[in-house]
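Student: Sequence isn't available, so here's the structure alone:
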């Protein structure tokens, strides 16, 4: 739903928010959990504005807010984003409106809130919310086809793919925020010509380019969420790198799915862009014309015409001591299932979703080879190394490599918004 | 490690704890989270003793305890079992010793603690701990073979089975305590002769007989747990019914494993028998003589000779308005992997385990058909109905059926201990 907070002409009294290339103009207002770097202060929720953060602990204390907004700010001042996630969409929108007005050019609050700003360069981040459960979907059809082709050239997509939003449960404990080092995992692997498996550090650590869908209020155990109500339960969208050990995965994953190949770490962006901020960047579901309709519980005209997200995605690699270079670009509109469909399917058996639950979309590759969201695809399963700007080659990630996901949304008539970075550097495996 | 708390001759001043058939003699002392039924009181941790519960909120306030034990009791009085799970094994043992002495016949505390007892008949239970992550393994080799045989008669066990402790992540949010009704899930299914899938209430709701391994202190992200230290990180053992929708599972599970077929509910017993209480019931790993040794990180002489648990298991079914009847018996010694091996494997890639995490063993079937831990096996995939005492037939569970898991351990020279019930009744599916 578009409202005054999407007006592309609106400007902020925080000058850097008005730069045309900022990820964080007044129209964005994403949330993160943070504090001044190196301080031992309590974590608090902040809102990005230009190159600054509005510290909601300071803002709640110093600003002038309606009593309804004060109630919403109180847990955020304590670093508790789950409390806002649990609020109905009307209340979340109310806070967005209040923050927009407070940060807008000419706001009477400008003077008092200026002292509640911190430079983003001076803050450190924690996971933005307490994650009860983390589910990872597989909605990137071009990824599913490309990976399937490596294993089953004649039949890359399994028969259930276009009926069931395929997903599995991931590990919540090893979710980390951008900037956290990722230790190379050990694991069992067995090549086709090996008599027995070996246990050693993974030689095929890979990234996966995904969106993180953060759940809002959710449902009680036993009660499904109809598709028409699903978006009320989507709090916002972050970036997600679902690190994967490609040599551990094929040996362990039958018959119950990925486990240690995935659960050594998954990195999320600190910033969650709210579902409300994404209103200008919605579009039609991108599907081949001859695909069957989905089953009725996953089908609606609104979902067809406006269910998808038009978010441009990038993958960057920085080798140790080297320059950042872009490995791939993609777009969230390439997902076969919308966020609403993923959420409705998840709850369709009565499984209860809770505020702060995290749904990964699955790797979002585009239809072209250079739009691949993983090295597995970019290097054809490790058979075709890519050459970096410094002349080095890569099949999979080496120790010291930093992998970063970035995203932004832009359209005519809307203000460009972005996500900042979702980055992690690979560190050497534990010693034997 | 055996100590004075395993002396089979020790008796309690709580008379019912001395009955030969009680699940809860002085030698057991399991923990649960509970309160008086129907009260709005805060949850607190209790210890089972005979047909009573020692309420640790009352016991902490009224009893005489060393200062070290008081520190351990304080969070339990507030219903926080995770705090005890986080303690090193020496501290957990210290509390066991103190509770044993306090409840032992002749204890000077008998008079004052008598007023901290509640009849078990008068209490209600909550989940015993906050579960960060729930992992379900597949260590029941006879189950894996029997299920594999239904799908692949010539090759029931996959090549990785005897090398990799197969597991996957389950859903923490839908874990419920014994006694919670379980609503029949809806889901997609597609038979081999169906052109397209349908979405409808599951017709194949099944139980799975498992043990719940509750994690103690755990490890930091990136740091594995060597096998020799694994048992220090096992807090205790409960019962687990991993409810499964057998018609949803085959259609959804490729390639990422079970998802909605499993995550609509998983029921745990209220009582967690501590790892210390199980010391008299350890034994050798039960493996075919010609199986290869495990890889070194999963192999030790101690694990071979004493790693397994000798726990007798039973499955009971009570149809609506009918009598309880036993469907199957089994024993935890039939597991292919020990609890220590499951935990060490889980952390072997650096995945962090946390106090209160739950590891399911997988379905524990025995080698004989009547030792099957699921209806899928007992009815040969639904092809051979079983006849109940009331003459009714079952392939899978019907609305109103109550399924209950029970367990006990007994050996010459040890006092018999048990787990009480892990029960749930199937209620009708949500309306369309």
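Tutor: It's in. This one's a predicted model, so the numbers in the text were calculated from it and none came from an experiment.
Student: list the contacts for residue A:70?
Tutor: Counting by Cβ atoms under 8 Å, 6 or more residues apart in numbering or on different chains, residue A:70 makes contact with residue A:60. C-beta coordinates here come from the backbone N, C-alpha and C atoms, glycine included.
Student: Look up how far chain B lies from it.
Tutor: 29 Å (Cβ to the nearest Cβ, to the nearest Å).
Student: buried ones in the host helix or strand of that residue?
Tutor: Assigned by DSSP states H and E, residue A:70 belongs to helix A:67-77. By 16 or more other Cβ atoms under 10 Å in any protein chain shown, the buried positions in helix A:67-77 come out as A:69, A:72, A:73, A:75, A:76, A:77.
Student: What's the first helix or strand after it?
Tutor: Next along from helix A:67-77, by DSSP H and E: helix A:82-85.
Student: contact partners of that following helix?
Tutor: A:31, A:45, A:72, A:75-76, A:92, A:95, A:129-130, A:214-217, A:235, A:355-356.
Student: that older thread, so which of the buried residues of helix A:67-77 would you say is closest to residue B:51?
Tutor: residue A:75 (43.4 Å; Cβ to Cβ).
Student: wait, what's in contact with whatever residue of the stretch 301-432 of chain A ends up closest to chain B?
Tutor: Distances between the stretch 301-432 of chain A and chain B by Cβ to the nearest Cβ are smallest at residue A:349, namely 3.7 Å. Residues near residue A:349 by Cβ under 8 Å, 6+ apart: A:224, B:185, B:186, B:187, B:245, B:248, B:260, B:263, B:264.
Student: filter those to the buried ones?
Tutor: Neighbour-count burial (16+ other Cβ under 10 Å) is assigned, among the contacts of residue A:349, to A:224, B:185, B:186, B:187, B:245, B:248, B:260, B:263, B:264.
Student: ok, of the residues you listed, which one's closest to residue A:203?
Tutor: Using Cβ to Cβ, those come closest to residue A:203 at residue B:263, 33.1 Å.
Student: Right, and chain B sits closest to which residue of chain A?
Tutor: Closest point on chain A to chain B, by Cβ to the nearest Cβ, is residue A:257, at 2.3 Å.
Student: how far away is residue A:89 from residue A:229?
Tutor: Plainly put, residue A:89 is 10 Å away from residue A:229 if you go by Cβ to Cβ, to the nearest Å.
Student: Between these two, point out the one with more neighbours.
Tutor: Shown here are residue A:89 and residue A:229; by other Cβ atoms under 10 Å in any protein chain shown, residue A:89 has more neighbours (19 against 16).
Student: which residues does that one contact?
Tutor: For residue A:89, counting by Cβ under 8 Å, 6+ apart, the contacting residues are A:216, A:232, A:275, A:276.
Student: Could you tell me whether the second one really is in a helix?
Tutor: Yes: assignment of residue A:232 by DSSP: H, G, I helix; E, B strand; the rest coil places it within a helix.
Student: Not counting residues beside it along the chain, what's closest to it?
Tutor: Sequence neighbours aside, residue A:89 is the residue nearest to residue A:232 in space, at 4.8 Å (criterion: Cβ to Cβ, 6 or more residues apart in numbering or on different chains).
Student: ok, now the first one?
Tutor: Leaving aside its chain neighbours, residue A:216 sits nearest to residue A:235 (4.0 Å; criterion: Cβ to Cβ, 6+ apart).
Student: Shouldn't that neighbour be within a strand?
Tutor: Yes: under three-state DSSP, residue A:235 falls within a strand.
Student: In three-state terms, how would the closest residue to residue A:395 other than its chain neighbours be classified?
Tutor: In space, and not counting its chain neighbours, residue A:395 is closest to residue A:382: 4.2 Å by Cβ to Cβ, 6+ apart. State at residue A:382, reduced to three classes by three-state DSSP: coil.
Student: For residue A:382, give me the pLDDT.
Tutor: Residue A:382 carries a pLDDT value of 96.
Student: Quick test: name the residue nearest the centre of chain A.
Tutor: Taking Cα atoms, centre = their mean, the centroid of chain A lies closest to residue A:239, which sits 2.3 Å from it.
Student: Mind listing the strands the strand or helix carrying that residue pairs with, and their directions?
Tutor: Using DSSP H and E, residue A:239 sits within strand A:234-241. According to DSSP bridges, strand A:234-241 forms sheet pairs with strand A:209-215 (antiparallel), strand A:266-268 (antiparallel), strand A:273-274 (antiparallel).
Student: Next, format these as TSV and append mean neighbour count.
Tutor: Output for these, formatted as TSV (neighbours: other Cβ atoms under 10 Å in any protein chain shown):
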stretch	mean neighbour count
strand A:209-215	28
strand A:266-268	27
strand A:273-274	27
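Student: Filter the contacts of residue A:349 down to just the ones in helices.
Tutor: Using DSSP state H, no member of the contacts of residue A:349 falls within helices.
Student: Under the pLDDT cut-off, which ranges of chain A? List them.
Tutor: For chain A, no stretch is flagged by pLDDT under 70.
Student: ok, now with 90
Tutor: Scanning chain A for pLDDT under 90 picks out A:1, A:150-156, A:192, A:432.
Student: Report the residue ranges of every domain in it.
Tutor: For chain A, automatic domain parsing gives the domain ranges A:4-126, A:134-427.
Student: okay if I get the ones you listed as JSON lines plus distance to residue B:170?
Tutor: JSON lines is the format used below for the domains of chain A (distance: least, Cβ to Cβ, whole Å):
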{"stretch": "domain A:4-126", "distance to residue B:170": "22"}
{"stretch": "domain A:134-427", "distance to residue B:170": "6"}
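Student: Pick the most deeply packed of the ones you listed.
Tutor: Ranked by mean neighbour count, the domains of chain A are led by domain A:134-427 with a mean of 21 (mean count of other Cβ atoms under 10 Å in any protein chain shown).
Student: I'd like the list of the buried ones among the contacts of residue A:349 that fall within strands, please.
Tutor: B:186, B:187, B:245 (DSSP state E).
Student: from those, which single one is nearest residue A:37?
Tutor: residue B:187 (47.4 Å).
Student: so that closest one makes contact with residue B:259?
Tutor: No: when contacts are counted by Cβ atoms under 8 Å, residue B:187 is not listed as touching residue B:259 (9.8 Å).
Student: tilt between the helix ranked longest in chain A and helix A:67-77?
Tutor: Determined from DSSP H, the single longest helix within chain A is helix A:89-103. Angle, helix A:89-103 to helix A:67-77, by axes from the mean of the first three to the mean of the last three Cα atoms, to 10 degrees: 90 degrees.
Student: Strands along the stretch 51-200 of chain A, start to end?
Tutor: For the stretch 51-200 of chain A, applying DSSP state E, counting those that start in this stretch gives strands covering A:52-55, A:117-119, A:123-126, A:134-137, A:167-169, A:175-177, A:182-183, A:186-189, A:198-201.
Student: where along the stretch 251-400 of chain A do the helices fall?
Tutor: Along the stretch 251-400 of chain A, the stretches classed as helices by DSSP state H, counting those that start in this stretch are A:301-306, A:339-347, A:375-378.
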